[in-house]
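[1] Sharing a model prediction with you, sequence too.
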Amino acid sequence: MMTDSRKSVIVGTAGHIDHGKSALVEALTGTHPDRLAEEKRRGITIDLGFAFLEENGVRFGLVDVPGHERFVSNMLAGAAGIDLVLLVIAADESIKPQTREHFDICRLLGVTRGVVALTKSDLVETDMLGLVRLEVEEYLRGSFLERAPIVPVSAKTGAGLAELKKALHDVAMEIPGKDTARYFRLPIDRAFAMKGFGTVVTGTLISGSIGTEDEVELFPSGTRLRVRGVQSGGKSIERAFAGQRTAVNLSGIDYADVKRGMSLATPERFRTTRRVDVRLTLLPSARKLKHRSRVHFHAGTAETVAEVLLYGQGTLAPGQSALAHLRLQEDVLLLPGDRFIVRQFSPVITIGGGEVLDCLARRPTLRDTGRTAFLETMERGKRDEVLVAMTERAILGLEVDEIAARTAWFEKEVREVAQRPNVAERVKIVSTEPLILLGRKAFDDARRKIAERVERFHKENPLSPGIAREDLRASLGRRVRPETFRSALEELAGEKKLEVQGELVRRAGAQIALLPEEAQAKGEIEKAFSVAGLAVPSVKEVLAKLSVEAKRAEKLLQILLRERNLVRVSPELIFHRDALAQLKEQLATYKKAKGERISVPVFKELTGISRKYAIPLLEYLDRERVTRRAGDERVIL
Ligand SMILES: Nc1nc2c(ncn2[C@@H]2O[C@H](COP(=O)(O)OP(=O)(O)OP(=O)(O)O)[C@@H](O)[C@H]2O)c(=O)[nH]1
Ligand SMILES: [Mg+2]
């Protein structure tokens, strides 16, 4: 895969209304980010705007956001996926409410780098500039911007712009390169129709890469689409990589069916969700949050309403964080590690945010006592631990697709982690194709249950050689999947605890223990057939003469048949093994003396039996490939 050596970095503006964000973007890039007629008329930014800048080998994608408090939800859609924040504070006004709110949002989204621009520096005296700088430094103390460059600029005079570009470049160089080989994911912030192209969607590419002819899945609908073309920075390119502003030309869908908040991703990998378990942090400025509160939920470019369920506590205090369950009103594509923001239902202000830990969370129940420990493991994010914990939580076991949908790991990564010795101790691979994992404990339970069932079967059926494999599996119930059963049986057989013979399973070395009267009856049955030669008695008659009751007599007959001392030739006819052996010899002798062909009457004469027996016997011999039918005759083989 071709990648470009130039670094791509997404910069998001942040700051109070009218503080000069859009003017600064224009001064830096030459592009005024406001696009809408209404924005131009009112002189404010309403929706996201975009511009590009290349500085010393770094490609910056700029996302300009509105400062107006009514458009914070638009700001949130733009802030998702930014690498660094350009915090804009007007020198003549200093810190204002949306300066704080936007900055809080950046913190909650986990933004770790940024630059501060003191705009409109042309409007204030040097003393004033110094004061504002002090105030800003004070405000940023202890935050991720504590040591960030603070650059006074004027979009009007151009003062400070060169320093600001340099500061942006320096910070950009510190940003670690993104792993562009992960799964592709693009939260959509705009969709429109372009003449001659059709549907185009744009967004900040947060993961992986995308190129022409790729197949993608649209979420939440699950529609599969083909990529006709990709652009970044206004130019058509072969592929776009994580960290780039990206426009994707899609075939197979009308632009009106695509909206901000939807996502494009690698097809057939992920699932949308309405229940997530998260680490939720409440801002110190927020009011305490009650269990079951409704909030506005923002993640990526998506926005919906969520009900907050606090685990084991009635309220969450300002400035505190807790594990929580969010029940979403709409389907959203989320993955562990995704950041989100919550805003108070009414009046709408930002109150907190956090990180998704389990993107396909279960409905909370009191019985689920392992959830907290599980989420703490997810939060630590160590792959060994995560895989063990995830597997142990699944009674039935987990298929690789399920694991990938919950972690965004590649299949080969799941396999690799599953095979690590410390993981293998606690996780059993019950199937390799597809890969299915089950917790050791659950697996051992299944093993024990199987051994117990077999044991019990022998006890209850002493005259039976073993339990039918399918009956054994069915007796374990639905909590043991077929792959687990197969694997456990294999292991038990490998350890010589059980024996599997065809469709029968028995305890290793299990032998049928006959009672004295049973042994005697068995001998009587065998004798009855052995003395009869080919003129065999009826089975019913033989069994009726025995001293044991019918059910046991039938079992004894089965044993003789299984041991092959008796042979069932037709549903009604049973012969002793010796009689059949003798018959085969007789035929061989006949063949030597008289040739290979023999007719039914001759066969009857030779063996001295009636037609009633002769026909089934001949058919049996045909099946045994001792004879072959040829018209009215048989050929002795
Ligand atoms: N004198 C002076 N005026 C500026 C400067 N930068 C912006 N302005 C003016 O300030 C006003 C607001 O600027 P914008 O860039 O639209 O502010 P904004 O932060 O984008 O506003 P919103 O997007 O609505 O939040 C405009 O009239 C600009 O011309 C500057 O450096 N000096
Ligand atoms: Mg603006």
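    All right, it came through fine. Ligands and ions are numbered 1, 2, ... in the order given.

[2] if I pick residue 193, what's in contact with it?
    199, 200, 254, 255 (CB atoms under 8 Å, 6 or more residues apart in numbering). Heads up, the C-betas are built off the backbone N, CA and C, glycines and all.

[3] quick one: which of these sit in strands?
    Secondary structure of the contacts of residue 193 is defined by DSSP state E; positions in strands are 199, 200.

[4] any chance of the contacts of residue 193 in JSON lines, with pLDDT and neighbour count too?
    Shown next, in JSON lines, are those (pLDDT from 0 to 100; neighbours: other CB atoms under 10 Å):
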{"residue": "199", "pLDDT": "95", "neighbour count": "21"}
{"residue": "200", "pLDDT": "96", "neighbour count": "19"}
{"residue": "254", "pLDDT": "94", "neighbour count": "11"}
{"residue": "255", "pLDDT": "93", "neighbour count": "16"}
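
[5] Closest one to residue 600 out of the contacts of residue 193, please.
    Of all the contacts of residue 193, residue 254 has the smallest distance to residue 600: 78.8 Å, by CB to CB.

[6] Which residues are in contact with the closest one?
    Residues in contact with residue 254 (CB under 8 Å, 6+ apart) are 193, 199.

[7] ok, it to residue 11 distance?
    In this structure, residue 254 and residue 11 are 32 Å apart, going by CB to CB, to the nearest Å.

[8] Residue 454 is in contact with residue 472, isn't it?
    Yes. Proximity of residue 454 to residue 472 meets the contact threshold set by CB atoms under 8 Å, at 6.8 Å.

[9] shared neighbours, these two?
    residue 505.

[10] Buried residues, the strand or helix carrying residue 554. List them.
    Using DSSP states H and E, the element containing residue 554 is helix 550-562. Buried residues in helix 550-562, counting neighbours by 16 or more other CB atoms under 10 Å, are found at 552, 553, 555, 556, 557, 559, 560.

[11] quick check, nearest of those residues to ligand 2?
    Each of these was checked against ligand 2 using CB to the ion; the closest is residue 555, at 89.4 Å.

[12] In contact with that closest one, which residues are there?
    463, 464.

[13] State the distance from it to residue 311.
    From residue 555 to residue 311 the distance is 58 Å (CB to CB).

[14] what stretches of this protein score poorly on pLDDT?
    Residues of the chain meeting the criterion pLDDT under 70: 1-5.

[15] For it, what lies in contact range of ligand 2?
    Within the chain, the positions near ligand 2 by CB under 5 Å from the ion are 21, 22, 45.

[16] thinking again about what came up before, between which two of the contacts of residue 193 is the distance greatest?
    200 and 254 (11.9 Å).

[17] neighbours of residue 426, just the number please.
    Summarising burial for residue 426: neighbours were counted as other CB atoms under 10 Å, giving 18.

[18] Same question for residue 259.
    Neighbour tally, residue 259, other CB under 10 Å: 14.

[19] Spit out the contact partners of the closest residue to it other than its chain neighbours.
    The shortest distance from residue 259 to any residue other than its chain neighbours is 6.2 Å, reached at residue 191 (CB to CB, 6 or more residues apart in numbering). For residue 191, the contacting residues are 199, 200, 201, 202, 255, 258, 259, 260, 262, taking CB under 8 Å, 6+ apart as the criterion.

[20] Can you tell me the number of residues neighbouring residue 160?
    Close neighbours of residue 160, defined as other CB under 10 Å, add up to 21.

[21] For the closest residue in space to it that isn't next to it in sequence, what are phi and psi?
    Leaving out its chain neighbours, the residue that sits closest to residue 160 by CB to CB, 6+ apart is residue 153, at 3.5 Å. Here the main-chain torsion angles of residue 153 (degrees, to the nearest 10) amount to phi -140, psi 160.

[22] Check the contact between residue 153 and residue 24; I expect there is one.
    Yes. Distance between residue 153 and residue 24: 6.6 Å, which falls inside the contact criterion (CB under 8 Å).

[23] any shared contact partners between those two?
    Contact with both residue 153 and residue 24 is made by residues 117, 119, according to CB under 8 Å, 6+ apart.

[24] ok, and what's touching stretch 434-445?
    387-388, 391-392, 394-401, 403, 411, 414-415, 418, 425-430, 446, 481, 483-484, 487-488.

[25] For ChimeraX, write the selection for the buried entries among those.
    Typed into ChimeraX, the line below selects the buried ones among the contacts of stretch 434-445, using 16+ other CB under 10 Å:
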select :387,388,391,392,397,398,399,400,401,403,414,418,426,427,428,429,430,446,481,483,484,487,488
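
[26] residue ranges of the helices in the stretch 51-200 of the chain, please?
    Under the criterion DSSP state H, counting those that start in this stretch, the stretch 51-200 of the chain carries helices at the ranges 72-79, 97-108, 126-140, 161-174.

[27] Need the buried residues of helix 550-562 in JSON lines (columns: distance to ligand 1).
    Listed next are those as JSON lines, based on distance: CB to the nearest ligand atom, whole Å:
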{"residue": "552", "distance to ligand 1": "93"}
{"residue": "553", "distance to ligand 1": "95"}
{"residue": "555", "distance to ligand 1": "89"}
{"residue": "556", "distance to ligand 1": "94"}
{"residue": "557", "distance to ligand 1": "93"}
{"residue": "559", "distance to ligand 1": "91"}
{"residue": "560", "distance to ligand 1": "94"}
